[in-house]
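A.B. asks: Could you work out the structure for the sequence below:
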Amino acid sequence: MKYDVAVIGAGPAGSFAAEKLSSSGYSTLIIDPCDKKKACAGILTARYVRRYGIDEIFVERMLKGVRISFRDTRAEITYRNAVEYSINRESYDSFNLNQAIDAGSELKKDLVISIDEEDSFVGIKTKKEYIPADYAIIAAGVSDLSRICGGTKEYAFCVQHRKDQKPQDYFEIDMLNSGYSWTVPKKDHVITGTSSPAGYPDMPGERGLIPINGPVKNTFSRRFLLAGDAAGFVSPFEGEGIYYARRSGEIAAEVLSGTIEGRNTLSDYESRWKKEFDFSTLAMISRILSNERIIDSFVRSIRDKERFNKLVEDILTKENKELNIKDIHFLIKTLI
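C.D. replies: Below is the predicted model of the structure:
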């Protein structure tokens with residue numbers, strides 16, 4: 001059978017894209033081995049909650065804010081106008097995948113080995129079979145497949161594990177010059193993790209890869225689109241990945257629908273997500289936080305300066321969609 005769209009990956013990018021396409025009447029196939037637990041802190045950020053709300057099925061704990069540390073310096077941001085949630089990522093993914101299936105998507109539990117772009121279709125080779133489709137969405141995270149198809153090639157190695165300790169109501173992040181570590185409260189325990197650009201940290205736990213340095217150069221091709229982690233849509237500074245995954249999957253589905261109906265081309269995908277995702281501000285902040293002296297100044301300023309504390313809160317929660325020039329000058333002047 002030839003499908004209108006094959007969606008590779010059953011995470012938030014893939015499941016929400018598939019649900020949208022199936023609901024619009026397109027024959028949609030989701031391909032995912034469904035055999036791995038996602039190494040993810042599992043946070044629905046304030047931006048996600050404002051746009052999509054939450055479902056108690058997968059919520060573990062409501063978060064009050066974030067605590068940021070560097071060496072012996074510790075700062076706390078208690079959200080004034082926002083709320084975030086710690087979730088069970090496995091339950092969240094299962095819920096979203098079932099929503100897509102209920103909308104009419106078909107699921108094949110299989111691993112995609114390669115994709116060949118032909119003039120009028122894409123040929124998808126899996127471990128079990130060969131599947132043709134008019135178009136594809138690659139939402140398989142940081143993987144061999146996404147790298148072959150132009151996906152992110154810059155990533156950090158992370159390991160996370162469960163600790164049986166009393167959870168607090170704050171997401172905690174310890175900033176390191178060569179990486180970072182985190183602690184996320186769950187219902188009756190915490191999840192701790194560490195990342196490094198040089199290789200997996202020497203500790204037990206679930207392993208995964210986190211994209212760094214922002215989106216890839218090209219997120220579209222003649223017959224497929226890259227979404228979620230595969231496209232580099234992750235901001236470690238914000239602890240943000242799920243929102244970008246879901247929204248990019250939705251945008252990909254909308255652009256594909258328009259392409260099938262002759263209203264636009266796949267290149268419109270890039271202009272759409274660039275209009276919504278402000279990775280330029282995040283790249284600027286990452287460049288500023290480029291050495292230990294500035295990282296130390298950053299954490300101390302959050303702790304000691306109310307205006308700076310509020311500015312970082314606005315960046316993290318997207319309370320203000322864009323920083324104005326005055327805010328940017330204040331940020332730079334404070335740190336440098």
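A.B. asks: drop to CA atoms for contacts and neighbour counts, all remaining ones
C.D. replies: Noted.
A.B. asks: Domain map for the protein?
C.D. replies: In terms of domains, the chain is parsed into 1-42+88-153+212-277, 283-335 (source: automatic domain parsing).
A.B. asks: can you list those domains in CSV and add distance to A198, mean neighbour count and mean pLDDT?
C.D. replies: Formatted as CSV, the entries for the domains of the chain read as follows, by distance: least, C-alpha to C-alpha, whole Å; neighbours: other C-alpha atoms under 10 Å; pLDDT from 0 to 100:
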stretch, distance to A198, mean neighbour count, mean pLDDT
domain 1-42+88-153+212-277, 13, 20, 94
domain 283-335, 17, 16, 82
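A.B. asks: Work out the gap between the host helix or strand of I210 and the centre of the chain.
C.D. replies: When secondary structure is defined by DSSP states H and E, I210 falls within strand 206-211. Between the mean C-alpha point of strand 206-211 and the mean C-alpha point of its chain there is a distance of 12 Å (C-alpha atoms, centre = their mean, to the nearest Å).
A.B. asks: Show the average pLDDT along it.
C.D. replies: Throughout strand 206-211, pLDDT has a mean value of 90.
A.B. asks: The helix or strand just after that strand packs against which elements?
C.D. replies: Later in the chain than strand 206-211, the nearest helix or strand by DSSP H and E is strand 224-226. Contact partners of strand 224-226 among helices and strands, from 3 or more C-alpha pairs under 8 Å, 6 or more residues apart in numbering; DSSP states H and E: strand 130-138.
A.B. asks: For the strand it packs on, which strands pair with it and how are they oriented?
C.D. replies: Paired with strand 130-138 in the same sheet, following DSSP bridges, are strand 3-8 (parallel), strand 122-126 (antiparallel), strand 224-226 (parallel).
A.B. asks: Adding distance to S105, write the ones you listed out as JSON lines.
C.D. replies: Listed next are the strands paired with strand 130-138 as JSON lines, based on distance: least, C-alpha to C-alpha, whole Å:
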{"stretch": "strand 3-8", "distance to S105": "10"}
{"stretch": "strand 122-126", "distance to S105": "17"}
{"stretch": "strand 224-226", "distance to S105": "18"}
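A.B. asks: follow-up on the earlier one: just checking: what are the partner strands of the strand holding I210?
C.D. replies: Strands adjacent to strand 206-211 in the sheet, as given by DSSP bridges, are strand 155-163 (antiparallel).
A.B. asks: Distance from the chain centre to stretch 166-182, please.
C.D. replies: Stretch 166-182 has its C-alpha centroid displaced from the chain centroid by 17 Å (C-alpha atoms, centre = their mean).
A.B. asks: buried residues in it?
C.D. replies: Of the residues in stretch 166-182, those scored as buried under the neighbour-count criterion (16 or more other C-alpha atoms under 10 Å) are 167-176, 179-182.
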